[in-house]
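J.: sequence and predicted structure below; questions after.
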Amino acid sequence: MSAVLDLKLKRANKVYHEGEVLAGVVVITGKEAIQHQGISLTMEGFVNLQLSSKSVGVFEAFYNSVKPIQLINSNIEVAKPGKVPGGKTEIPFEFPLQVKGNKVLYETYHGVFVNIQYTLRCDMRRPLLAKDLSKTCEFMLHCQPQKSKVQPSPVDFIITPETLQNVRERSVLPKFLIRGHLDATNCVITQPLTGELVVESSEVAIKSIELQLVRVETCGCAEGYARDATEIQNIQIAEGDVSHGLPIPIYMVFPRLFTCATLETTNFKVEFEVNVVIVFHDDHLITENFPLKLCRV
């Protein structure tokens, strides 16, 4: 067995805030003693922006603005050149998560067109004929919680054929009346989105009622912006023709990594919306959209 390099962080959930210290161990395993030219750690954070296929070619200027944005890049030496004995060796480290200058660290977020990622890489340089060893692990960064309380901002809604937008032939729609409320559209990201929905009346049988969480990612620059909405998750809250007048609870947990606190910068934006989707048996589909603002407290 040749030498194996591993990287372990002390914190099991790998979640950190700016100003904290990443502590852990570099683990080197090998049958025999290993000669090396030094062991170092590199911490990197990037925002990777990507254009959707519909935007490419529309704005040539995008190609300058969609280069990766570097948020953090720092390096520390863990061990000077020397020899590691055979067996298992653990070298402890502490790496402060601090940004240089006036740069801002955004929250970890895995999107389609915007990706914010932080990694810790360990490099072990080896003598001439031996292969260098490298190990990378991702850690999560959460933005500092808001000190102020979040105002819940509840929303009541009524959906009828008359309230729908973007309808060409309103006359062919079945008659229905659906009312409900969301407890908050200013949401704390660690708490579920809640509310309720009541089908008061409907001419046509209902097939399904769904909650659709959508991310709206905007990339661009002064020359123009590309705005793309993509689905994160879809939860069915009712199936079949529900009893009229029966309150149906709305409950949706925000998934980790695929959501972050609502973010707005000069080069990109990450926003969120929720759609209440009602599918009728004749496959008519109606959608009511609610913008959400996510934050940490």
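T.: Noted; the coordinates are in hand.
J.: stretch 137-147: end-to-end distance?
T.: Start-to-end span of stretch 137-147 (CA to CA, to the nearest Å) is 31 Å.
J.: any stretches of the stretch 1-150 of the chain with poor pLDDT?
T.: 1, 53-66 (pLDDT under 70).
J.: ranges for the helices of it?
T.: Per DSSP state H, counting those that start in this stretch, the stretch 1-150 of the chain carries helices over the ranges 62-65.
J.: ok, which stretches of it are strands?
T.: Using DSSP state E, counting those that start in this stretch, the strands found in the stretch 1-150 of the chain span residues 4-9, 15-16, 21-30, 34-36, 39-49, 69-79, 82-84, 87-96, 109-110, 114-124, 133-141.
J.: give the partner strands of the second one in its sheet and their orientations.
T.: When pairs are called by DSSP bridges, strand 15-16 turns out to pair with strand 133-141 (parallel).
J.: could you do the fifth one as well?
T.: In the sheet, strand 39-49 lines up against strand 69-79 (antiparallel), strand 114-124 (antiparallel) (DSSP bridges).
J.: swap in the first one?
T.: The partner list of strand 4-9 in its sheet, established with DSSP bridges, is strand 21-30 (antiparallel).
J.: what's the angle from the partner strand to strand 87-96?
T.: Interaxial angle of strand 21-30 relative to strand 87-96 (axes from the mean of the first three to the mean of the last three CA atoms, to 10 degrees): 160 degrees.
J.: picking that back up, between the strands of the stretch 1-150 of the chain, which one is closest to residue 229.
T.: With CB to CB as the measure, strand 114-124 is the member of the strands of the stretch 1-150 of the chain nearest residue 229 (12.5 Å). Just so you know, the C-beta spots here come from the backbone N, C-alpha and C atoms, and that holds for glycine as well.
J.: mind checking how far that closest one is from the chain centre?
T.: 16 Å (CA atoms, centre = their mean, to the nearest Å).
J.: residues of that strand that come out buried?
T.: Residues 114-118, 120, 122-124 are the ones in strand 114-124 that count as buried (16 or more other CB atoms under 10 Å).
J.: of those residues, closest to residue 282?
T.: Nearest to residue 282 among the buried residues of strand 114-124, with distances taken as CB to CB, is residue 114, at 38.0 Å.
J.: in contact with that closest one, which residues?
T.: Residues in contact with residue 114 (CB atoms under 8 Å, 6 or more residues apart in numbering) are 47-50, 217, 219, 268, 270.
J.: distance of it from residue 227?
T.: To residue 227, residue 114 is 11 Å away according to CB to CB, to the nearest Å.
J.: for these two, list the residues in contact with both.
T.: Shared contacts of residue 114 and residue 227, defined by CB under 8 Å, 6+ apart, are found at residue 217.
J.: what's the spacing between the closest residue to residue 105 other than its chain neighbours and residue 179?
T.: In this structure, residue 105 finds its nearest non-sequential neighbour in residue 18, 5.0 Å apart by CB to CB, 6 or more residues apart in numbering. Distance, residue 18 to residue 179, using CB to CB: 44 Å.
J.: residue 96 and residue 21 touch, don't they?
T.: Yes. The criterion here is CB atoms under 8 Å, and residue 96 meets it with residue 21 at 5.1 Å.
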